Each structure stands twice: as structure tokens, then as C-alpha cells.
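A.B. asks: Following is a predicted model, sequence given first.
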Amino acid sequence: MLCLPGSLVSAAGPVLVPTRLQTELVLRCYKETDCDLCVRVAVHLAVHGYWEEPEDEEKFGIAEDPAIEEPRNASLQAHVVLSFQAYPTARCVLLEVQVPAALVQPGQSVGSVVFDCFEAALGAEVRIWSYTQPRYQKELNLTQQLPDCRGLEVRDSIQSCWALPGLKVSADGDDVRLVLDVPEEQRFGLSLYWNQVPGPAKPWWHRNLTGPQTITLNHTDLVPCLCIQVWHLEPDSVRTSICPFREDPRAHRNLWRAARLQLLPPRAWRLDAPCSLPAEATLCWQAPDGGPCQPLVPPLPLENVTVNKALEFPLLKGHPNICVQVSTWEKQELQECLWADSLGPLKDDMLLVETRGPQDNRSLCALEPSGCTPLLSRASTRAARLGGPLLQDVQSGQCLQLWDDDLGALWACPMEKYIHRRWALIWLACLLLAAMLFLLLLLKKNHVKGWLRLLKEDVRAGAAARSRAALLLYSADDAGFERLVGALASALFQLPLRVAVDLWSRRELSAQGPLAWFHAQRRQTLQEGGVVILLFSPGAVALCREWLQDATSAPGAHGPHDAFAASLSCLLPDFLQGRAPGRYVGAYFDRLLSPDAVPALFRSVPVFSLPSQLPDFLGTLQGPAAPHPWRLAEKAEQVSRALQPALDSCFRAPGTGCGMGPEAEDRT
């Protein structure tokens, strides 16, 4: 039979359901000294539900129909499934149970049914599930660690215990040593596996060896669910299993280091880890000021996180400020703002929480570090001062709705126009103050002339570093490479540089067209003393070679968002006529291209390999106002850390990588 519980169904009357599982270890003996270990399982049953009384009978006292009364006096029958799993075997049985009508009382226990029995390996961890077919409630489950030969008082009755390989685990500095006490020339099997819950055990390492042996495990390989199994290489030999690292602090630290949060399109996420994690996940809102991430309504399910399984976000739209926190009862372990690479850096938006009550009563408050501030209140916070305009923004549709249900909604309202208005007042005050200082300096210019010169140089250098613009051009080879470009643009944005990239301007790109969008961005960037970054990939190199081979005709048709292909008609004249130095910079990822792959025409400007030449690359982008070398190295380390998850995602599978999609292959 198939061991599938199926979906829950409603009961039309009283039904039998399992309420408790109970196990007992017994021996199944063929001779006095030839026995196997067996697990006897008792399933306790109770009556669930009741017969519904017809409304007419309750109101008017109408006599019951004998045809209706007959099934109520009949006995109850049920099909109870027992599923037994012990690595590496699994077994299911179907038990038919019948209970006399006299015992059928709602909520009453009717006894138990015993299955005798499931054979299991010594030292194995067994998992038992029980449910009915059809299933009326959540299935029962029980996990039990069986003793091995060392913990059995009846081991003399089990022949396989007489000559089991001995296994000891000891410390070897930071590492772990496995010592197998096996007679010389005796062949045995050794397996290391991840005992995952839920799901079957996952083999990690297996060898057939000859004793005796000592094996060293690196401490970085330890995780709580790592188990060791050893057995003689003989038919039907007993296997000894131990899981010695369940309480090892190093194993728990390694597990969290290996855990990864991953965004799955369109609105799903997954926590990847080798073992199950006793943790909870919550959605939170991360403000760009670097404060704590504030928990959001709606929360994610509060039950333990299921690892390696896709879970849905209860959201209508994604937003770069929405993050996922994974925490244990002790502390927060993981936090990822999963849309940061695809939707750009964090935004200075105001999150409004709408609460809906009875009779269509609605209230709005703004999520701030001090709490949720009601709009139109007298509090001295930014949200309270802008309560009226924010309420109008919600009503006029200028805010993005992130979530909506019967209890409330979430709105993300842009704050750019209010920030500009505030900065205008600040600049006006600064201009008045500067005028007063200027008059004062005219009176004492000889005393402050040297100081003013130094201040002027510092202000110019700082303004240049803060305001330099950069236009990032790339070929959209595949989705993996676009994620890598998004990560690079987000990292450069934090330097800070004012980065323009078509990945963040798809709406303008669709409205204007790639060529018009590129012309406008290039003109603005160069007029402001900025720099154009050419990010080479296999697809970009193929486009350049195609153009250089036939310079009189445009390249073939490309996607509506491919600004790189549209820009070649303007880029190449600058390089051919010697106008490129000082205005353009080249770059490529050293795991995607070799230095010789960049066409010779584009080597008239600096071309940097990333991430190995990040300090020089950042220094060139920031120009004459670049910080000291130690500061550049620190910024390069920050950018490298930001790029690493995207690089790992691109090159995780052997033989594949970003820029290796079908489009890139067709161009080469």
C-alpha cells in the first residue's frame, strides 16, 4: 500500500481516530540464542465527532426516522495506517478495526489495537506515524532511538551482537577522531549520513574498509544530525548507529553557518540547511538608517521552520525593505533582505499599518523605531507631522499595497518629495549661515586665509566623492548574471556613488526605448563628471565582436531592456576617436572571462578584474577624491562580501555559471 496520509476530510458523524502511540521492545526468537529486535506498537483509539440532530426534531419533537436511527446503532469501523521508518528501510501496514455500538460515545476512549511487530536494526532511530484512511485529523508521530548491543541486557540472545565492530569517538584537538576496534583483516562498512527530519536519511560518506581503522573528521564538518553507522560486510549483518554530535556546540554553530535563506520567484522563500532547525521565521521591515528590523503583520507561521522546503510569502508585492528573520529562543541567527538585489537598495519609504475593525472601522499608523504612530496624532515624530499628506497619498493610490486581508493592510509610501521639501528649508538656512560667515571672514581674512583654503579643498573632495555619478552597462546574458549585476550596483550605491543601471529603471526603459534611455543617462553622467562602466561578459564580448566585424550594420534584435546592445552605436565612436580615456572604465568577473577575451579596442581605458582588483577599480571610480589606500581596501572588502553570495549562486553547480545561458551560447 502507499504510505500517503492524504488530505483532511470532514466527518459526517462519529469516527475512530488514533490518540496515542505506545511502543515496546521485544525479541523475535527462532532459537534460544538466535533472536532479532522487534518494535511492538499499540495505537490507542477514541471516538471523534457526533451525530447531528435534525433541526425539525429539535424544534417540534418529531419522531426520528428508523432509517436514520439504524446507522447510529451500528458498530464503528476504521482503517488505521501504521507507517514505520528506520534507516535504511520503511514499511506500512493497514489495520482494520471495529468497535461495538455500545462503546460509541463522543470523546470516549475505546481501547487500543496492537501490531506485533516491526523488525528494526540495533541502534537505529525509528519514526512511526499513525492516521486513518480517510484522515480526519493530523497524523500522530513518534520518534524513538533504539538501543544497540552495548545497551541491551539480552545481547547474548542476538548472534549479531557477539562480534560487532567497536566504535569510539574521541577528541583530536579541534577535530574528532573515530576509532574502530575491528580485528585485523576483518572487512566492515562505515557510513556517515545526515539523519534529517522530516524525510529519509541522506548519505554523506561511505567506505568499505579493513580493520583496524582510525578516521579523523574536520570540526567544520560536524552538524547535529551527523550520524555514524558501522557493520560487518556479511549478508544481513546488524548495523550499529550512533549520532554523537546532537549536543555539540561546534555542530550547532556549523549548522547555522551552513544555513542559507533563498528567494524563490514569484513570492516564495526557502531555508536550506543539512539538518532540521529549531527556529522560527518572521517578516520584518528594515529602515535604511540601520536600526533594528521591525516585525511585521502578517507574521509567518509560528511553528518551527521546515528546512529545504519552499514556503509562500503572505504578500501581494515585494519590496527591498522587507526582510526575513530566523531566530532561536536565544537570539536572532539569520536575516536576509531577499529582494535587495532585484529591486535595488533600501528605500526611505514609510510603512503604514491599516487595522480594520467591526462596522468598517479603519485606523492607520506609521511604523517608526519608537512604535506604530497613529496618523493625525500630536506626537513629535516625522509620521505625525506628515500624517495628513500620507493619508492623502494612500487615498490617491500613490502608496504601494504590500498585503491585504479582512483584518488589515500594509502600505509603503514614498517619502522622496517630503525629504526634498525638508532639505530645501535646510539649504536655505545653510545659505543664510554661509552669508554671515562670509561677512565675518571678510573682516578677518588674513587670519583665516590658510584655514579657509584647507576647508575649501576638503569640502570639494568630499562633495566630489559623494556626488560622482556612474552609469553601469552590461549585457543581460541570463537571470543569474542579472542578479550578480544587481548585487554589484547595490554595493557601489553604498560607497556612495550615484549608480544608474537599466535593471532599476525598467519602467523608464520601456517607455523611452533602450537607445533614448542610454543617450539621456550617458549625457547626464558625463556632464556631471561621472564615469561609464562597461561590464564585460561572454554575451557582451560576442556583441562587440559582431559589431566590429560589420560596423556598417546594427547588431541583431535583442530584448526590449538590452541597453548594452543599443549603446554600441555611441560607445564605439568614442573609442575609435580617442575620447574614451577618463570617461569610461572596463570591468569583468575573473571567473567568467580571461583578460585576453576583452576586445583590444576597449583596452585603451583601464579594465579591471573583479573581485581581485576591487581596490584599484573603486579608486578609479571615485577619481581624484579617492580616499587613502587603507580606506579603499576596507571599501573593497565590503563590496567583495556583498558580491560573494551572488557569485556562489552563479557557480554553485559544476560546469555552469553566469553568462552561460542559451543567449550567450548563441552569440559565441
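C.D. replies: Nice, thanks for sending it over. Numbers count the residues shown, from 1 in each chain.
A.B. asks: hey, let's count contacts and neighbours off CA atoms from now on
C.D. replies: OK.
A.B. asks: got the contact list for the strand or helix carrying Val324?
C.D. replies: Take DSSP states H and E as the rule and Val324 turns out to sit in strand 322-327. Contact with strand 322-327 is made by 279-286, 293, 332-339, as judged by Cα atoms under 8 Å, 6 or more residues apart in numbering.
A.B. asks: taking the mean pLDDT, what do you get for the longest helix seen in the chain?
C.D. replies: Looking only at the chain and at elements set by DSSP state H, the helix with the highest residue count is helix 416-443. For helix 416-443, the mean per-residue pLDDT is 74.
A.B. asks: Now the nearest residue to Val501 once chain neighbours are set aside: phi and psi?
C.D. replies: Here the nearest residue to Val501 in space, its sequence neighbours aside, is Leu472; by Cα to Cα, 6 or more residues apart in numbering that works out to 5.2 Å. As for Leu472, its main-chain torsions (degrees, to the nearest 10) stand at phi -100, psi 120.
A.B. asks: my read: Phe493 touches Val501, true?
C.D. replies: No - between Phe493 and Val501 no contact is recorded; they are 10.8 Å apart, counting by Cα atoms under 8 Å.
A.B. asks: Tell me which helix or strand comes right after the helix or strand encompassing Trp547.
C.D. replies: When elements are assigned from DSSP H and E, Trp547 belongs to helix 538-549. From helix 538-549 onward toward the C-terminus, using DSSP H and E, the following helix or strand is helix 563-576.
A.B. asks: So which bits of that next one are buried?
C.D. replies: Of the residues in helix 563-576, those scored as buried under the neighbour-count criterion (16 or more other Cα atoms under 10 Å) are 563-569, 571-572, 575.
A.B. asks: Alpha carbons of that helix, as PDB, please.
C.D. replies: This file holds the C-alpha atoms of helix 563-576, laid out as PDB (Å, rounded to 0.1, in the frame of the first residue of the first chain):
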ATOM      1  CA  ALA A 563      20.700  48.900 -23.100                       C
ATOM      2  CA  PHE A 564      24.100  47.500 -23.900                       C
ATOM      3  CA  ALA A 565      23.300  46.400 -27.400                       C
ATOM      4  CA  ALA A 566      21.600  49.800 -28.000                       C
ATOM      5  CA  SER A 567      24.600  51.700 -26.700                       C
ATOM      6  CA  LEU A 568      27.200  50.200 -29.000                       C
ATOM      7  CA  SER A 569      26.500  52.800 -31.800                       C
ATOM      8  CA  CYS A 570      27.500  55.600 -29.400                       C
ATOM      9  CA  LEU A 571      30.300  53.800 -27.500                       C
ATOM     10  CA  LEU A 572      32.400  52.700 -30.400                       C
ATOM     11  CA  PRO A 573      33.000  56.200 -31.900                       C
ATOM     12  CA  ASP A 574      34.300  57.400 -28.600                       C
ATOM     13  CA  PHE A 575      36.900  54.600 -28.500                       C
ATOM     14  CA  LEU A 576      37.800  54.900 -32.200                       C
END
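A.B. asks: ok, which stretches of the stretch 551-668 of the chain are helices?
C.D. replies: Remark: helices of the stretch 551-668 of the chain, listed N- to C-terminal, are 563-576, 614-622, 629-650, 662-667; assignment by DSSP state H, counting those that start in this stretch.
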